[in-house]
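Enquirer: please work out how this folds:
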Amino acid sequence: MDKLLLLATAHGLAVCERAGDGWRECARGLTTHKVTSLIAREGVILAGTTSGVFRSDDLGQTWQAASAGLTSQHMRWLAYHPAISDREFAGTEPAGIFVSHDGAATWRACAEVAELRDAYGWYLPYSPEAGCVRGFAFQGTRGYAAVEVGGVLRSDDGGETWRLAEDSDGAMAHAAPQPVHPDVHMIAVHPTAPDLVFAPTGGGLYRSEDAGRSWAAIYPRCYCRAIWLDPGDPDHLILGPAAAVGRSGRIEETRDGGRSWIMASVGLDTSWRQHMVERFAQIGDELLAVLSNGELIAAPLASLEWRSLMPAQTAVAAVTTMAE
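Expert: Alright, predicted model coming up:
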């Protein structure tokens, strides 16, 4: 069946359908909410907002509150376990992780995350809240979560309980040798190399080859939030680095596992002075990039020639697809 493109925006959730080579908006919901994240699976859409989670079972036409058990309402990222039908995860601000086993009808707090948050003094430089969880990745029973500012969390039971990864100290002060930078913005696991984990951070791009036990910076001295992993080639990566927060943002590519990088910004006027890539999402044979200024751009993976996608859309925070 044809896919619908779903956009989380500052003015609700937009449902878009194919229109020639692009997309056009066909419906919009949750218009009074700032939607920060979304997931879609098995005909169900879950939307994370700054005031809780909402669920739709009819392609976004109607919505129901789905926040029972959420003691934190500000959602920063939603995810589901790829191998388990009913296991959903919510990352919040302040930093917390909640898990659901019933399609978001109820949520359970992972109390150990709040304990780590308080013990290590996680924080956000732009908010009074104590950090946030802004990314998840799963591979079998292993799970990983990205904490800004706090480090990498790891689960060994499918996301039911969490701990700091061995080489993540949960603090900004580093002893030598330096572990992974604690300002972690995203986490990604390669689908065919389960021990290969990547973490874009405020101090560069880090890679672990042993499931998060140890880390090495493969693109140091940059600020980055987004990475795309080629599912067919562990050495092929696309990154959205910047000189600092929202400054001199660009798109770069490596085909040798990070030993060398080249610009991958055809069609774009980079480096961007005041924005950068927030998230990448692969839709078929195209790569979409959500920018920090709310723009959405796209490029064929074969050429990486970028164009604006749905220019009328503004304040986009996340994208996903679902069957129509």
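Enquirer: out of the helices and strands in the protein, which is least certain?
Expert: Least confident helix or strand of the chain, by mean pLDDT, DSSP states H and E, is strand 22-29 with a mean of 91.
Enquirer: list the contacts of that strand.
Expert: By Cβ atoms under 8 Å, 6 or more residues apart in numbering, the residues outside strand 22-29 that reach it are 4-5, 11-17, 56, 59-63, 309-310, 312-313. In this view, the C-beta of every residue, glycine as well, is placed from N, C-alpha and C.
Enquirer: quick one: strands adjacent to that strand?
Expert: Paired neighbours of strand 22-29 in the sheet (DSSP bridges): strand 12-19 (antiparallel).
Enquirer: buried set for the strand it pairs with?
Expert: The neighbour-count check on strand 12-19 (16 or more other Cβ atoms under 10 Å) flags Gly12, Leu13, Ala14, Val15, Cys16 as buried.
Enquirer: can you list those residues in a markdown table and add distance to Glu88?
Expert: A markdown table is the format used below for the buried residues of strand 12-19 (distance: Cβ to Cβ, whole Å):
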| residue | distance to Glu88 |
| --- | --- |
| Gly12 | 21 |
| Leu13 | 17 |
| Ala14 | 22 |
| Val15 | 20 |
| Cys16 | 23 |
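Enquirer: for those residues, which one is nearest Pro179?
Expert: Each of these was checked against Pro179 using Cβ to Cβ; the closest is Leu13, at 37.4 Å.
Enquirer: geometric centre of the protein: which residue is closest?
Expert: With distances taken as Cα atoms, centre = their mean, the residue of the chain nearest its centroid is Gly135 (4.5 Å).
Enquirer: how far away is that one from Leu38?
Expert: Counting by Cβ to Cβ, to the nearest Å, the gap from Gly135 to Leu38 is 14 Å.
Enquirer: Ala114 reaches Gly96, doesn't it?
Expert: Yes - in this structure, Ala114 is within contact of Gly96 by Cβ atoms under 8 Å, at 5.7 Å.
Enquirer: between the two, which one's more packed in?
Expert: Neighbour count, other Cβ atoms under 10 Å: between Ala114 and Gly96, Gly96 has more, with 23 against 19.
Enquirer: thought Val133 was touching that one, still the case?
Expert: Yes - here Gly96 lies in contact with Val133, judged by Cβ under 8 Å, at a distance of 6.6 Å.
Enquirer: please enumerate the shared neighbours of these two.
Expert: Common contact partners of Gly96 and Val133 (Cβ under 8 Å, 6+ apart): Val113.
Enquirer: I'd say the residue nearest to the centre of the chain and Met186 touch.
Expert: Yes - counting by Cβ under 8 Å, Gly135 does reach Met186; the two are 4.2 Å apart.
Enquirer: spell out which residues are contacts of both of those two.
Expert: By Cβ under 8 Å, 6+ apart, Gly135 and Met186 have these common neighbours: Ala146.
Enquirer: rewinding a little: Phe89: which of the buried residues of strand 12-19 is nearest?
Expert: Leu13 (18.9 Å).
Enquirer: all helices for the chain, in order.
Expert: 111-120 (DSSP state H).
Enquirer: which residues of the stretch 51-200 of the chain fall in strands?
Expert: Per DSSP state E, counting those that start in this stretch, the stretch 51-200 of the chain carries strands over the ranges 52-56, 64-65, 75-80, 88-92, 96-100, 108-109, 132-139, 142-148, 151-155, 163-164, 188-190, 193-201.
Enquirer: remind me which residues of the chain are low pLDDT?
Expert: For the chain, the stretches flagged by pLDDT under 70 are 1-2, 171-178.
Enquirer: for Asp183, what are its contacts?
Expert: Counting by Cβ under 8 Å, 6+ apart, Asp183 touches Glu148, Val149, Met172, Thr201, Gly202, Gly203.
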